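> curious how this folds, go ahead:
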Amino acid sequence: MSFPEIVSRERWRAAREELRRKEQAVERARAALGEERRRLPMVEVRDEYVLEGGDGKATLLDLFGDRAQLVVHHFVFAPEQEAGCPRCAAFLDQLGPLAHLLARDTAFAAVSLAPFTRLLPFKARMGWTVPWYSSCHSDFNRDFEATVDRDGAFVERPGLSCFLRDGERIFHTYSVYDEALDGIGALSGLLDLTALGRHPHGGDRLRLHDEYDH
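Numbers count the residues shown, from 1 in each chain. Okay, here's the model as predicted:
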């Protein structure tokens, strides 16, 4: 195992300052990219996509609740599997309480291709409370490219898709897949993918998750 070079505090500060200048350039580029992402055009979703969850059948509109935005985690869980994708599970493990997202007018749900009866015991095993739905009786996975054709075989891939609503009209604003998920944090990273960004309420401050009104 190779360790970093050992230097004096003065040399460390100089090296740290040089690296910080590069970090600031990356941060500025990331902010500009976020602005460009929020200016992406959007496409109206016309299919209801009937899914199955803990309360029975649900449409994509139902997944919003009373929020303006929805982030869907395309959780890889094939119908024949007994357990979900470890990488997807690690993503949900670090998500934490949804209160911070909900307070920013953004709902969150996981959607998988496996039947809900297969998802439920795994969800209980993992101790998750996040809303989780099966898309096994709809074209949701294929339409949003979570199930893709690779060399003549359909395979699933992890991803996130963002949606915005205007009344009962739903719009698809953004999707990201595979390795691109690795750098996304649970709160600000998710909100940065959405059309309204981190402050859909004009900058509602962060609170302890049990202090939000809802």
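> residues contacting residue 136?
52, 79, 113, 114, 115, 116 (C-beta atoms under 8 Å, 6 or more residues apart in numbering). Where you see a C-beta, it was placed from the backbone N, CA and C, and this is true even at glycine.
> any low-confidence regions in this structure?
1-2, 185-188, 199-214 (pLDDT under 70).
> ok, residues contacting stretch 53-70?
Contacting residues not belonging to stretch 53-70 are listed as 45, 47-52, 72, 102, 105-109, 116, 120, 131-134, 140, 162-165, 168, 170, 194-196, 200 [C-beta under 8 Å, 6+ apart].
> A strand includes residue 13, no?
No. When classified by DSSP: H, G, I helix; E, B strand; the rest coil, residue 13 is found to be helix rather than part of a strand.
> and the helices in the chain?
Listed from the start of the chain, the chain has helices (DSSP state H) covering 9-38, 60-64, 86-93, 99-102, 116-126, 140-143, 188-191.
> can I have the buried ones of the contacts of residue 136 as a PyMOL selection?
What follows is the PyMOL syntax selecting those of the contacts of residue 136 that are buried according to 16 or more other C-beta atoms under 10 Å:
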select buried, resi 52+113+114+116
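> among the contacts of residue 136, which two are most distant?
Comparing every pair within the contacts of residue 136 by C-beta to C-beta identifies 52 and 79 as the most remote, at 12.7 Å.
> which neighbours do the two share?
Contact criterion C-beta under 8 Å, 6+ apart; residues shared by residue 52 and residue 79: 115, 136.
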